[in-house]
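S.K.: give the three-dimensional model of this entry:
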Amino acid sequence: MPIALFRIDDRLIHGQVVVGWGQPLELRYIVLVDDEVASSEWEQELYRMGVPPDMSVEFVTVAEAAQRLPALEQYPGPGMLLVGDIGTMRRLVEQTAGAIRAVNVGGVHHSPGRVQRLRYVFLTPAEEQGLRDIAALGVEVTAQDVPGARPVPLGELLTATAGS
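M.R.: Below is the predicted model:
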């Protein structure tokens with residue numbers, strides 16, 4: 001079954017991902033794509049603790065995810081591919097030659113240099129360009145923190161101001 005959601009969320013695996021998205025989409029697995037986490041047993045164990053027993057989790061690098069995407073899409077049941085930042089998703093989209101059709105911007109939280117665009121999305125100019133680059137590759141980019149919220153199209157996201 002195809003991956004149900006390609007998501008950017010800087011908190012990676014947490015309640016909103018596992019419960020908020022996992023239950024409505026009936027997710028059976030999460031593929032966490034992060035070069036550093038893929039090489040850290042300690043971090044992997046921390047993230048595994050946040051995943052219910054009936055959901056599997058796999059930790060892969062960007063290169064592994066790109067190479068294995070066709071196989072990942074064949075896993076039984078719906079799944080989520082999760083990255084922690086826009087740059088990682090951009091690299092993955094570039095390496096998968098049109099295989100990713102839609103990206104969900106979930107949580108990109110406050111840090112120095114970021115401007116608030118939505119309640120849950122803060123972006124630097126470079127991150128805004130990264131999202132434009134992803135869209136230029138034919139990917140629909142929307143922001144949506146939870147399934148019941150309205151998906152915010154990229155153009156609206158990039159022109160939103162704090163408090164909107």
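S.K.: and the next element down the chain from the lowest-mean-pLDDT helix or strand in the chain?
M.R.: In the chain, no helix or strand scores lower on mean pLDDT, DSSP states H and E than helix 15, which sits at a mean of 90. The helix or strand immediately downstream of helix 15 is helix 22-25, counting by DSSP states H and E.
S.K.: avg pLDDT for that next one?
M.R.: Helix 22-25 shows a mean pLDDT of 94.
S.K.: quick check: neighbours of the next helix or strand after it in the sheet, parallel or antiparallel?
M.R.: Going down the chain from helix 22-25, the next helix or strand is strand 29-33, by DSSP H and E. In the sheet, strand 29-33 lines up against strand 56-60 (parallel), strand 79-83 (parallel) (DSSP bridges).
S.K.: closest one to residue 152 among those strands?
M.R.: With CB to CB as the criterion, residue 152 lies closest to strand 79-83 of the strands paired with strand 29-33, at 18.7 Å. In this view, the C-beta of every residue, glycine as well, is placed from N, C-alpha and C.
S.K.: only C-alpha atoms, please: export the closest one in CSV.
M.R.: Extracted C-alpha coordinates of strand 79-83, given in CSV (Å, rounded to 0.1, in the frame of the first residue of the first chain):
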residue,chain,number,x,y,z
GLY,A,79,2.5,4.2,6.4
MET,A,80,4.2,7.6,7.0
LEU,A,81,7.6,8.7,5.8
LEU,A,82,8.8,11.3,8.3
VAL,A,83,11.7,13.8,8.2
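S.K.: now do the helices in this protein.
M.R.: 15, 22-25, 41-48, 62-72, 86-95, 125-136, 154-159 (DSSP state H).
S.K.: ranking these by burial, who's on top?
M.R.: Per residue and on average, the most neighbours among those fall to helix 86-95, with a mean of 20 (mean count of other CB atoms under 10 Å).
S.K.: that one vs helix 125-136, what angle?
M.R.: With axes from the mean of the first three to the mean of the last three CA atoms, to 10 degrees defining the directions, helix 86-95 sits at 30 degrees from helix 125-136.
S.K.: pull the CA atoms of helix 86-95 into CSV?
M.R.: Provided in CSV are the C-alpha atoms of helix 86-95 (Å, rounded to 0.1, in the frame of the first residue of the first chain):
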residue,chain,number,x,y,z
ILE,A,86,12.9,20.9,4.9
GLY,A,87,16.4,20.2,3.7
THR,A,88,16.1,16.5,4.3
MET,A,89,12.8,16.4,2.4
ARG,A,90,14.2,18.4,-0.4
ARG,A,91,17.1,15.9,-0.8
LEU,A,92,14.7,13.0,-0.7
VAL,A,93,12.4,14.5,-3.3
GLU,A,94,15.4,15.2,-5.6
GLN,A,95,16.7,11.7,-5.2
